[in-house]
Structure formats: C-alpha cells, structure tokens
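Novice: Model the following, please.
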Amino acid sequence: MHIAIAGNIGAGKSTLAQKLAQHYKWDVFFESVDDNPYLSDFYENMEQWAFHLQIYFLSSRIRQVIDIQAARNTIVQDRTIYEDAVIFAKNLHASGHINTRDYANYLKLYETMTDFIKPPDLLIYLKAGMPTLVERIQKRGRDFENNIKLDYLKKLGESYDEWISGYTKGKLLIINADNLDFVANPEDLGKVIEKVDAELFGIFSDKR
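Specialist: Residues are numbered from 1 along each chain as shown. You can find the predicted model right below:
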C-alpha cells in the first residue's frame, strides 16, 4: 500500500510519517529538504528560484512514486506530488513568482507525469492553524525557514483547504494537528493510529 501525508509547512508530516513507519513497520519516504540545492535560495529570492525549486520537487517526487509503485512493502510518504502543483506552484504563479509561460509548461509536465501514476491508497491530511505552524517551524530551527512570510503560509493553508474539500482520488483521513503532539504524547499518536486502522483495515480489524 501507499500511504501519503499531506499538509502545510510545519504541520508535522515528517514526524507522523516516521512514527507510523515505526509502528506499522512500513518504509518511509521523506521530502527532499536537507539535500535540496534550491530551498535556501528560494526563501531568499522566491522570484528567481521558484521555478527551479518546483521542477526539482516534481522530479524528486515522481522518482519517489515510481519507487513506491515498484515496492513490495507498504510505504508512507511525506507529501504528495499533487501538492507540488495544486498548492505550491499554483500559489507561486498567483503571487507572480512564476510567470505564466513557465507555469503553463510546468503544468503540462506535471499532467504528463501524473497520467502514469496511481494515487495513494490513503491520504492523511494534517490540518493545522497558523499558531501551530509558526511554533513548529520555529522549534525545528531551520535557518532558511526564518524567511518564510506569514502571508505565504496563510495562502498555502487556504489552498490546502480548497484542495482537500474536493479530493476524490481515494480514501482521505483528515487529522486536526493543532492539539496533537506525536512525539511527547503517546496517547495522541494512539488516536491517529486508531483512525488509520479504521480506514485501512476496518474498525474491528487488528491486521497490520
């Protein structure tokens, strides 16, 4: 199976992916952050680096999906290929950081790629408000994230809500992440695991 976790910057995707992988003995695919050659430059100058960054993420994500579809084990993935286009590239174009010509070419490439892949068996959406996102971004202390603007986070959140409200590609589980701490509180993780069990295996099943 392919389980994917979606959500805004700082929602807790990587943490939850790691915790679910540990619990279910799944393999985990993380988003390319630390080895991303464009991310730091992007937050310094979005207009110059936005298109480069989105192409990098698209390439990285399609490679992940190909590997996921070939895998024999269940995979939990930190962020989906869909978010690259319908959330991030869309916002960067709307804000003028990606011009219309580049955006149109990007979408053609994205649509061609996604024609050949299957959606995840379950999409987990971590919904989090601005105070939660800001607190977690500050807590993890990535230097390049100090340049993230609140308005940018807010617009991403609005795009996420719009996308999720119309999501029809498969099973969807929405988790309110504002009052959950997957690291410090095992009970919070347990609540999420119960919901995942119900979606994947049925309420009365203990199958892993």
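Novice: Quickly note the distance from residue 64 to residue 75.
Specialist: When distance is defined by C-beta to C-beta, to the nearest Å, residue 64 is 9 Å away from residue 75. C-beta: built from backbone N, CA, C; applies to glycine.
Novice: Kindly report the same for residue 106.
Specialist: Applying C-beta to C-beta to residue 106 and residue 75 gives a distance of 26 Å.
Novice: what's the nearest residue to residue 48 if we skip its chain neighbours?
Specialist: Take residue 48 and drop its neighbours on the chain: the residue closest to it by C-beta to C-beta, 6 or more residues apart in numbering is residue 41, 7.4 Å away.
Novice: picking up where we left off before, comparing residue 106 and residue 75, which residue is more hemmed in?
Specialist: residue 75 (23 against 20; other C-beta atoms under 10 Å).
Novice: so what's the backbone phi/psi at the closest residue to that one other than its chain neighbours?
Specialist: Nearest residue to residue 75, sequence neighbours excluded (C-beta to C-beta, 6+ apart): residue 68, at 4.6 Å. Torsion angles at residue 68 (phi, psi; degrees, to the nearest 10) stand at phi -60, psi -40.
Novice: surely residue 68 meets residue 29?
Specialist: Yes: when contacts are counted by C-beta atoms under 8 Å, residue 68 is listed as touching residue 29 (6.7 Å).
Novice: give me every residue that touches the spatially most central residue of the chain.
Specialist: Note on the chain: the residue nearest the mean C-alpha position is residue 79, at 2.3 Å, using C-alpha atoms, centre = their mean. Counting by C-beta atoms under 8 Å, 6 or more residues apart in numbering, residue 79 touches 4-7, 13, 31, 61.
Novice: just to revisit the earlier point, which strand or helix spans the residue nearest to residue 48?
Specialist: For residue 41, the host element (DSSP states H and E) is helix 39-44.
Novice: what residues does that helix touch?
Specialist: If you take C-beta under 8 Å, 6+ apart as the criterion, helix 39-44 is touched by 33, 48-50, 52-53, 143-148.
Novice: and those residues, which two are the farthest apart?
Specialist: Spanning the widest gap among the contacts of helix 39-44 are 52 and 146, at 20.6 Å by C-beta to C-beta.
Novice: okay, the two: which has more neighbours?
Specialist: Between residue 52 and residue 146, residue 52 has the larger neighbour count (other C-beta under 10 Å), namely 14 against 10.
Novice: Helix, strand or coil: sort out the more buried one for me.
Specialist: Secondary structure assignment for residue 52 (DSSP: H, G, I helix; E, B strand; the rest coil): helix.
Novice: The nearest residue in space to it that is not next to it in sequence and residue 32: what is the separation?
Specialist: Nearest residue to residue 52 in three dimensions, chain neighbours excluded: residue 38, at 5.1 Å (C-beta to C-beta, 6+ apart). Going from residue 38 to residue 32 by C-beta to C-beta gives 10 Å.
Novice: same deal with residue 63?
Specialist: Taking C-beta to C-beta, one finds residue 63 at 10 Å from residue 32.
Novice: Same check on residue 196?
Specialist: With distances taken as C-beta to C-beta, residue 196 is found 25 Å from residue 32.
Novice: Kindly report the same for residue 198.
Specialist: According to C-beta to C-beta, residue 198 and residue 32 sit 31 Å apart.
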